[in-house]
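**Q** Predicted model and sequence follow; I will ask about them next.
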Amino acid sequence: MTQLQKILTAVLLLQIAIGAWVFWPAADGATPGQPLLTSLAGVQIDRIEIEDGTGERLELSIDPTTNHWVHTPSGYSLTDGKITRFIDQLRQLQSGRLVTQTPASHARLQVADEQFNQKIRIWADGALQELLVGTAPNSRSVHVRLPNQDEVWLTDVLTSADVDPAVRNWLNTLYYSLERSDVVGLTIENESGTLRFERVPPVVEGDAPTWALQGLAADERLDQAAFGTLLSRATSVRFAEPLGFERKPSYQLNDPLATVTIELENGSRTLEIGAYDSESDSYVLGSDFSMVVRVPALTVADFVMADLEGLILQTDG
């Protein structure tokens with residue numbers, strides 16, 4: 001081996017050794033690390049934002065009136081226990097298993113300042129703490145990094161599902177739910193006119209009630225199956241996004257596409273179906289009992305399109 005070959009071999013071995021030292025994860029069973037988000041210890045967290053790489057953002061904060069966590073800016077309450085568990089997870093994060101210390105690896109692991117899977121912003125006692133969440137080598141762990149540090153850590157305290165900013169993961173998306181047996185009448189007003197349905201008591205005790213549609217001719221009958229679909233949609237609604245209590249003009253709730261009045265044995269509820277968004281295939285939905293929400297088109301489109309012809313039972317001949 002020539003002198004040059006010896007030098008090149010030594011350089012190569014040195015590079016391999018450096019690479020192994022930089023990228024080799026800390027051994028399992030190592031001494032537990034220190035809390036990663038040190039500013040969260042023993043202080044009140046009052047606001048959290050989660051943003052993903054596509055720009056979708058979830059904002060959560062404590063309502064000063066009720067002292068409960070709510071979705072911002074709608075004011076809709078979070079699912080019980082969800083935010084408490086999440087804050088506990090953030091406080092449990094430790095600098096325990098080092099994956100890399102090289103900035104060149106940040107983008108590959110999706111924890112770079114401008115290239116990340118999720119960015120979490122936490123406000124505690126007026127101070128801001130940020131955490132970048134990256135790729136998941138498995139379903140039980142993710143890579144994390146603090147924006148002002150080169151080190152990337154692997155943690156099993158958080159998972160990708162824990163930091164998903166989709167509203168459905170944080171809120172109870174059930175807008176309301178009614179017992180079908182409590183409904184005695186249903187009225188739909190839309191561009192086609194007004195459809196008024198009334199429950200008809202069964203002739204034989206114990207049989208299911210039927211429904212009648214006002215305005216049918218003597219030889220016409222209501223399609224009970226078609227009405228059953230309308231009744232199901234009217235008695236249970238889930239939303240995709242809470243929009244708050246303000247009825248903005250852009251929601252078009254003052255001139256709705258359809259109005260649905262659900263008459264109950266004790267009281268009634270009114271739904272107003274407003275603006276349609278073709279991009280998300282959804283409608284704005286208002287009511288006389290809760291906030292304004294956005295719902296998938298499938299949930300309420302039948303009310304917008306309902307007409308007499310589509311509810312008459314078709315018979316041969």
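**A** Perfect, I can see it now.

**Q** which residues in the stretch 201-317 of the chain form helices?
**A** Assigned by DSSP state H, counting those that start in this stretch, the helices in the stretch 201-317 of the chain fall at 224-235, 297-305.

**Q** Could you do the stretch 51-200 of the chain as well?
**A** Going by DSSP H, counting those that start in this stretch, the stretch 51-200 of the chain shows helices at 82-92.

**Q** Please pull out the lowest mean pLDDT helix or strand from the chain.
**A** The helix or strand of the chain with the poorest confidence is helix 3-23; it has a mean of 56 (mean pLDDT, DSSP states H and E).

**Q** Name the single longest strand found in the protein.
**A** The residue-count maximum for a strand in the chain (DSSP state E) belongs to strand 267-277.

**Q** tell me the angle it makes with helix 224-235.
**A** Taking axes from the mean of the first three to the mean of the last three CA atoms, to 10 degrees, one finds strand 267-277 and helix 224-235 inclined to each other by 90 degrees.

**Q** And strand 267-277, how far out from the chain middle?
**A** With CA atoms, centre = their mean, to the nearest Å as the basis, the distance from the averaged C-alpha position of strand 267-277 to the chain average is 21 Å.

**Q** tell me the domain ranges of the protein?
**A** 34-164, 174-311 (automatic domain parsing).

**Q** Give me the nearest residue to Leu60, chain neighbours excluded.
**A** Ile48 (4.8 Å; CB to CB, 6 or more residues apart in numbering). C-beta here means a position set from N, CA and C on the backbone, and glycine is covered the same way.

**Q** Go through the domains of the chain and name the closest to Thr2.
**A** The closest of those to Thr2 is domain 34-164. By CB to CB, the value is 32.9 Å.

**Q** avg pLDDT for that closest one?
**A** Domain 34-164 shows a mean pLDDT of 92 in the predicted model.

**Q** ok, now which ones touch the closest residue to Val163 other than its chain neighbours?
**A** Nearest non-adjacent residue to Val163, counting by CB to CB, 6+ apart: Gln118, 4.5 Å away. For Gln118, the contact set (CB atoms under 8 Å, 6 or more residues apart in numbering) comprises Ile50, Glu51, Asp52, Gly53, Leu132, Val133, Val163, Asp164, Pro165.

**Q** Just give me the neighbour total for Ala240.
**A** Neighbouring residues of Ala240 were enumerated by other CB atoms under 10 Å; the total is 18.

**Q** what about it, distance to Val167?
**A** Using CB to CB, to the nearest Å, one obtains 7 Å as the distance from Ala240 to Val167.

**Q** Between those two, which contacts overlap?
**A** Common contact partners of Ala240 and Val167 (CB under 8 Å, 6+ apart): Thr173.

**Q** quick revisit: in TSV: the domains of the chain, plus distance to Thr2.
**A** TSV is the format used below for the domains of the chain (distance: least, CB to CB, whole Å):
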stretch	distance to Thr2
domain 34-164	33
domain 174-311	68
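
**Q** residue ranges of the strands in the stretch 151-300 of the chain, please?
**A** Remark: strands assigned in the stretch 151-300 of the chain by DSSP state E, counting those that start in this stretch are 152-155, 174-177, 183-190, 193-200, 210-213, 236-238, 241-244, 258-264, 267-277, 282-287, 292-296.

**Q** What helices and strands are in contact with the fifth one?
**A** Using 3 or more CB pairs under 8 Å, 6 or more residues apart in numbering; DSSP states H and E, the elements in contact with strand 210-213 are strand 193-200, helix 224-235.

**Q** Could you pull out the buried residues of the longest one?
**A** Right, the one you point to is helix 224-235. Phe227, Leu230, Leu231, Arg233, Ala234, Thr235 (16 or more other CB atoms under 10 Å).

**Q** residues near Leu37, how many?
**A** As a burial measure, Leu37 scores 20 neighbours (other CB under 10 Å).
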